[in-house]
Every structure is written in structure tokens, then in C-alpha cells.
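1. how would this look folded up:
(2 chains)
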Amino acid sequence: MSAATAVSAENICYSDVRSVANRVAAQLQLCCPHSSTSYPLARVIHARIITSGFRPRAHILNRLIDIYCKSSHFTYAKQLFDGIPQPDVIARTTLIAAYSASGNPKLAREVFDKTPLNIRDTVFYNAMITCYSHNNDGHSAIKLFNDMKRKGLFPDNFTYTTVLAASSLIADHENHCKQLHAVVAKSGTETVTSVMNALVSLYVKCASSPMASSALLMDSARKLFDEMTVKDELSWTTIIAGFVRNNNLDAAREVFNKMDEKLVVAWNAMISGYVHKGLISEALEMFRMMSLQGIKQDEFTYTSVLSACAEAGLFHFGKQLHAYILRTEVKTGGEFLVSVNNALITLYGKCGKVDQARKIFGQIAVKDLVSWNAVLSAYVSARRINEAKHFFEKMPEKNSLAWTVMISGFAQNAFGEEGLRLFNQMRLNGIEQCDYAFAGAITACAVLAALEQGRQLHCQIIRLGFDSSLSAGNALITMYARCGVVEAAHTLFLTMPCLDSVSWNAMIAALGQHGHAAQALELYEEMLEEQIPPDRITFLTLLSACTHAGLVEEGRRLFNSMSENFGINPGEDHYARLIDLLCRAGKFSEAKNVIQNMPFEPGAPIWEALLAGCRNHRNLDLGVQAAERLFDLMPQHDGTYILLSNMFATAGRWEDAAKVRKLMRDRGVKKEPGCSWIEVENNVHVFLADDTAHPEMHAIYDYLYKLVLRMRKLGYVPDTKYVLHDTESEQKEYALSTHSEKLAVVFGLLKLPRGATIRVFKNLRICGDCHNAFRFMSMAEQRLIVVRDGKRFHHFRNGECSCGNYW
DNA sequence: CTAGGGTTAG
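-> Below is the predicted model:
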């Protein structure tokens, strides 16, 4: 009988109270507290009770209260409860349990406090302790446990089990475990399986705290487990999952192998352990063994294995798996369980098949939050930021994860302002901001070079206790470096409590971008000594560091060692950096040789690197060849046209230069306008070439004019040839123009306190004349001037630039 | 006790 038919029964008239009672009891049988149809049914029953004058027994009221709480209708629940003349302890316990299950520990506590002391019993305390435990408040649970013992009540098995579970939420030290272990040992419950399971679980949870010794605690957990006389399924899976979570995996495998009848849960724990550790082939091997042994797999198995495929980019295998599980039972009503669909969305999303992912999403009848988030992530990782934005706005419900994805999506696609705006909006909406959200916001600051905002976020991170977070810490390293304060990045790196390969890569990249190639290489050596395996990104950053400093020999050595010593095959991006390195050093024949011997056809990154090198060395012939390939490969890319026309202009081939410009116009290619910005008193001031929009422009030009006179006395000669090397305004290419970076630096000189470092940021590569001018400015003004351009940093001090005029 | 959605490095 469905709820709908039960509801229509409302119209039937019942003459006596007994039949009402029977009817109510029958209807309540239909209610499952979590079902969405139960609430309307409960309303009908409630109404029937009121109109009939029937006085239901306590258990009927308790059940109705339960349904109301679980459908978040607390007012009705309270009304019912208040209608009970003298609610007994069972009614009160039910209400507490109901509030607990609906995530309202405060309301539960109100009921608890209003209950007369003399009727509080052990079960009543258990309910409140469980409530705290389920709502992640370990401290209150333990407080209540002690309170209960002081009142002379005897904790039972259930109390110990819950208190141990609650303690595992907060235990971060060996001593916590030992103390509770002693309490349990004294209680006479150390043979009760559920209590011992909870104790093992406590050790396991504590072992994953950064403050505790993981190995020691897992040893204790293992010893406890071995001593247990009666082990149930939970015991086995707790210890296996514990070893999996705490990274010892071999130990997990050892226990797993000892299991007589290996449970699906245990298989699943092993598989997910391998997936999370990146051991994809091991995960798939276990999956294969499972299939061969005919063990029935469930949705946990499939979601883990699908995520393994997504992680490893095994699109083909994933698709086969998709077909395979179509024949299985992870379906309801002909459709996959939503979790399996979600894993499929992620698989297709991670393999770049965003539209396929979107299609699966569209076919899901009952989507959950994970489904929405998976599609959002697919759009973001495909850099389809506009679609991501629209999708995000359409989401019926957004959790902190969705906001985080969107914030970092904006940041990664250079929409720093949008990212920060969303982060603030998230805060206004009262959404909890975890370290991941902060990491996204900090990346937005790095994009904008908003140092002050970044610093403020850093302070908040410390205040909130996220300062040991890897994601936040790693983002901060990059933020400080990209805001020009590489020293702050380094200090942070040295003081972080734990580091991962991302931290090392970030710091190596930071040093490289600032031209400290030697230090970057030293750090790399240290990384190897610390047994952190370098990855493909480590080598990308190292090769860039070598390029910035012109260390050809070192770069070549590193390039060769990546495949010889670390088994990493160089990708096109690695080759592109090698070409860059060689070309900037003028070694064109070697570069051509590398291109000819590459294991794949050269793509745009290779030709771009070659063209950049040709520009620096005025190798027009080769430059034209590279540019022609680029015109084919990416006809809409503005940089190629600008570079080539400048190269022609430098060589005096004005007609060719004009031809390239015309080609650009004919193809409708728009040049990205150059702009520079500087942060002054927490405000970002943006300048374009020949800008007149800034309110203090008069003072800026005035100061610049006088400053140039002083610079000339020190030997500065404005280089008019760079006017032809125009990187900013196409229209005024033959006119004398003032580039945006000069305006920004001069504004900084006017506004920032004496002696303060000037930090200016530019979206494009710095112009040659500006570069020269800043050397003299740093001398004339006795200032440190730091400029970040599209590629790297320049530190101007006493007339010299850190790049050694090589960029 | 197990799963599906996040972050940071170029």
C-alpha cells in the first residue's frame, strides 16, 4: 500500500476511537522516517488524532515526532511533544534522538536540560552522547560521559562504544587513546566486540592525526585486534581500512590476506586505498581478482575502480567498465545508482569528454549534490569557465565544495577578481570556508598580484588554524612568489610543518621565476635527498629556471636525466622548454636537431619557443619559418603577428612588417592590450599605454619627465628603436608612446613610502626600453624595483637587473 | 568499515 492510498483514507469516517487507533497504527507502519512521503502521511495521522479526540500511546507520538524531526518540521514535533502532559524519559529520549538525526544538537540539549534529574537514566544519557558524537562534538560527548559517571549512573556497552566513537573525533595524541583504553579495561567491557571495535577505531582515527605517531598507534591497534577473541566483520574492516587510511598498505594487505572469507567491504577498502595512493595497476589487479573469484561487486567497488580510471586517464578501460556494469545490479528502476552515475560523470569529465559527462548528468532521474559538483568540475577542468559559471548559478543547492571549485576555476582562468568576489560572497552566505576555499582565494590573489589581500588571507588562515594545511600553504608559497616577495615564500616553505611534492615544486618554481636558478637547483638536490620523487612538473620548473638564467649545460643534463634516472618521458612541454633554453643561448642548430629527433610532430609550443629565440637573436629566416607554422596552427594568436612584424621592423623591412600587420587585421585578430598595475594602500591601480584616465596622471607624467632628465645624466639614452618594438598599442606604433609599466612604476615612486620596494605587474613581456629605464630609475631613486611580466620577475637594484638583461 | 564531487606546483 502506498502513502498516497493511505492519505486518501482520510475521508473515511471512523465511529469509535478504537478504529482510529487501529487506523493510526496501520498508517504508521507505512511510514519510514526518512522517506519523503512520510511527512504528508504524518500530517494526516496527526489531524485524525486531533479531530477524533483519540489519545495515542506514547510510542505512537514518539514515532510521529521522529518523522517530523527527520523532515525538518521541528515546530510540529515540539507541538506534539508539548501536548504530552508528563512526557516520560522514553519520549524525551526519542525527541533527543530525532533532533540528533536531523542535525540539531542544540535543540536536543534543550530537551536534555529541561528533563528532571531524577528520571535521567543511562539510555537517556546515551542518546545525548550519541547526538554529540554524530554531530561531531567530541568534547561535549566526553564531558557528558564524565557528568553521567559523577551522577552515579553506570555506563553500558552502548555508552562506551559511543564515547569511544566521539573521542575519535578529537583524539590527536597517543595519550588520549591510552587514557580511554584504561577506562575501558576497568569497565569490564573489554570482551564486548562492539566496544573493542570502537577502541580499535579510536587508535586508527588518532593515527591519522598529524600530531600523533601514526606507526605507533597502528601497532597498538593491530595488537588490540589480534587479542580480540570474537571478531566480527566490522573488526576486520576497521583494521584493514585503518591501515589503508594511514598509508602503511602492505599491512592492510597482510590482514586482508588472513581473512578467511573476504568481505566485499574489505576488497573495496583495499581497492580505494590503492586508488588514493595512485597505485592504479594494483587497484585494477584486485578488481580483476575479485571478478575472477566470482565475488559479487557492489557500487563501492565500481565507483572506486571508475575513479581509478579517471585518475589514470584510462578512458578506454573506463568505457569497457561502463559497458560491463550495465549488466550488473547496481541499478534501481533500470537506472544506475546515483553514485555510479557520478563516478561515470567524473570519468568522462577527467578524460575531457565534458559533453558526454553532461549527457549522463541529464539522464539521471534523481541527481544529488555530487552529480552537480562533478559536472561543475568537468567544466572547470576543461577551462569552459562560462559554462561552469552558468551551471554554478543554476545549482539548486551549493555546498562549500561547489563554491571552492568555482572560486579556483575563476582563479585558474585568470579571473582573479571574480574568484575573490565569490570567496567574499561565500563568507556572506555563511558557507563554511575550509582550507581548500582559502587556497582558491589565495590563487586569485596570486593572479592579481594582490599582496595585501593575500597577506590578510594568510592571517585568517593562521587564526583559523589552517596553517598546517598543505593546500593553503602551497598556494601561499606561490602567492608570495608571484607577488614579488620570494623571501616570504621561502620563509613559509621553511616553516611549514609538512611538505609534499607540490610544495617543493612551488618553491623551485618561485626561485626560478625570480632568476635564482642556482638556488632552485640546490633545492632540487635537497628534494632528492629527502626522497621526494620529482615529477614532470618538477622538470618543467627546473628547465624554466635554467632558461631564465641561461644555464644551458645544466638544463640539458636535467632534460636527459628525467627519462634516464626517473623514468619520466619528456612531453611536448618539456621539449618546448629545452628548445627555448637552446634558442635563447643561440644554439639554433642543436635546437633544430632536437626538433627533428623528437618522438612526435612539433606542435605550437615548440614553434613558439623557436620564434622567441629567433626574436632575441634576430634570426629572421628561421623566425619566419616558425611563424608560418604558428599561423597555420593557431591563426588567431596575436603574439605571433606582433613578434614577426617587430622582427621585420628591426631588420628595417618595413614593408614586410606592414604586411604582417595587415594580415593580422584581415584575419580579425585583436591584440591583447598591454596593461600594468600596482597595489597602493590595498588598492590596485591599473595603467594602459599612454593612459590619461588615472586621476593623478598629471603628476605622474610631470615626475616621469623630471626623472628622465636625471636618468639621462646617469647615462640613460631612451631607445627609440623600441618604439618599433611596440608591444602595447598597435595604432601608435610609430609614435612615441609611454608604456604602462613606466606609468605604474612612477606612480609607485610617488605614492609609496621612501625606501619601500616598488612592485609592478604586467600582463605581457616587459619592453626593452622600459627594462633599460628601470635600471637607471633604480639608481636615480635608490629603490628596489620588482617587475613581474608575463613570464618572469625582474629585480632592479642599483642600475642592474637580476635577469642580467637576458630574458 | 568501503565509494562517487574539491585544493596547491607549470
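
2. what sits against A:Val370?
-> A:338-339, A:342 (C-beta atoms under 8 Å, 6 or more residues apart in numbering). Quick note: C-beta positions are derived from backbone N, CA and C, even for glycine.

3. name the helix or strand for it, please.
-> helix A:369-381 (DSSP states H and E).

4. burial check on the residue lying closest to A:Glu432 once chain neighbours are set aside, number of neighbours?
-> The shortest distance from A:Glu432 to any non-neighbouring residue, by C-beta to C-beta, 6 or more residues apart in numbering, is to A:Ser400 (5.1 Å). By other C-beta atoms under 10 Å, 14 other residues sit near A:Ser400.

5. please name the nearest non-neighbouring residue to the residue of the stretch 701-807 of chain A at minimum distance from DNA strand B.
-> Closest residue of the stretch 701-807 of chain A to DNA strand B, C-beta to the nearest atom of the strand: A:Lys791 (9.5 Å). Among residues not flanking A:Lys791 along the chain, A:Arg765 sits closest, at 6.3 Å (C-beta to C-beta, 6+ apart).

6. what count of nearby residues applies to the one you found?
-> A:Arg765 - counted by other C-beta under 10 Å - has 19 other residues nearby.

7. assign it to helix, strand or coil.
-> coil (DSSP: H, G, I helix; E, B strand; the rest coil).

8. got the contacts of A:Val370 as JSON lines, with pLDDT columns?
-> Listed next are those as JSON lines, based on pLDDT from 0 to 100:
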{"residue": "A:Val338", "pLDDT": "92"}
{"residue": "A:Ser339", "pLDDT": "93"}
{"residue": "A:Asn342", "pLDDT": "95"}
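
9. so which of those residues are also by DNA strand B?
-> Under the cut-off given by C-beta under 7 Å from any atom of the strand, DNA strand B has A:338-339, A:342 from those close to it.

10. would CSV of these with secondary structure be doable?
-> Shown next, in CSV, are these (three-state DSSP):
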residue, secondary structure
A:Val338, helix
A:Ser339, helix
A:Asn342, helix
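
11. A:Cys351: which of those residues is nearest?
-> A:Asn342 (15.1 Å; C-beta to C-beta).

12. if we can go back for a sec, which residues touch whichever helix or strand comes after the helix holding A:Val370?
-> Once helix A:369-381 ends, the next helix or strand along the chain (criterion: DSSP H and E) is helix A:385-394. With contact meaning C-beta under 8 Å, 6+ apart, helix A:385-394 is reached by A:372, A:375-376, A:379-380, A:398, A:402, A:406, A:409-410, A:413, A:415.

13. 7 Å - rerun?
-> A:375-376, A:379-380, A:402, A:406, A:409-410, A:413, A:415 (C-beta atoms under 7 Å, 6 or more residues apart in numbering).

14. against DNA strand B, which of these make the cut? List them.
-> Okay, of the contacts of helix A:385-394 touching DNA strand B (C-beta under 7 Å from any atom of the strand), that's A:380, A:402, A:409.

15. how about the residue nearest to the first one when sequence neighbours are not counted, what does it touch?
-> Right, A:Val380. Distances taken as C-beta to C-beta, 6+ apart put A:Gly409 closest to A:Val380, at 3.7 Å, once the chain neighbours are dropped. Shown in contact with A:Gly409 (C-beta under 7 Å, 6+ apart): A:380, A:385, A:388.

16. now render these as a markdown table, adding neighbour count and pLDDT.
-> Shown next, in a markdown table, are the contacts of A:Gly409 (neighbours: other C-beta atoms under 10 Å; pLDDT from 0 to 100):
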| residue | neighbour count | pLDDT |
| --- | --- | --- |
| A:Val380 | 24 | 96 |
| A:Ile385 | 18 | 96 |
| A:Ala388 | 24 | 97 |
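
17. let me know the closest of these to DNA strand B.
-> A:Val380 (5.9 Å).

18. contacting residues around the residue in chain A positioned nearest to DNA strand B?
-> As assessed by C-beta to the nearest atom of the strand, DNA strand B sits closest to A:Ser471 within chain A, at 2.4 Å. Going by C-beta under 7 Å, 6+ apart, A:Ser471 touches A:435-436, A:439.

19. kindly report the same for A:Ile142.
-> Shown in contact with A:Ile142 (C-beta under 7 Å, 6+ apart): A:163, A:166-167.

20. now do the one helix or strand it maps to: distance to the chain's middle.
-> Per DSSP H and E: A:Ile142 is located in helix A:138-150. Relative to its parent chain, helix A:138-150 has a centroid offset of 36 Å by C-alpha atoms, centre = their mean, to the nearest Å.

21. any buried residues in it, and which?
-> For helix A:138-150, burial by neighbour count (16 or more other C-beta atoms under 10 Å) applies to A:138, A:140-142, A:144-145, A:148.

22. which residues in chain A form strands?
-> A:331-332, A:335-336, A:675-680, A:683-688, A:758-762, A:785-788, A:793-797, A:800-801 (DSSP state E).

23. quick one, which of those is packed in tightest?
-> Ranked by mean neighbour count, the strands of chain A are led by strand A:758-762 with a mean of 26 (mean count of other C-beta atoms under 10 Å).
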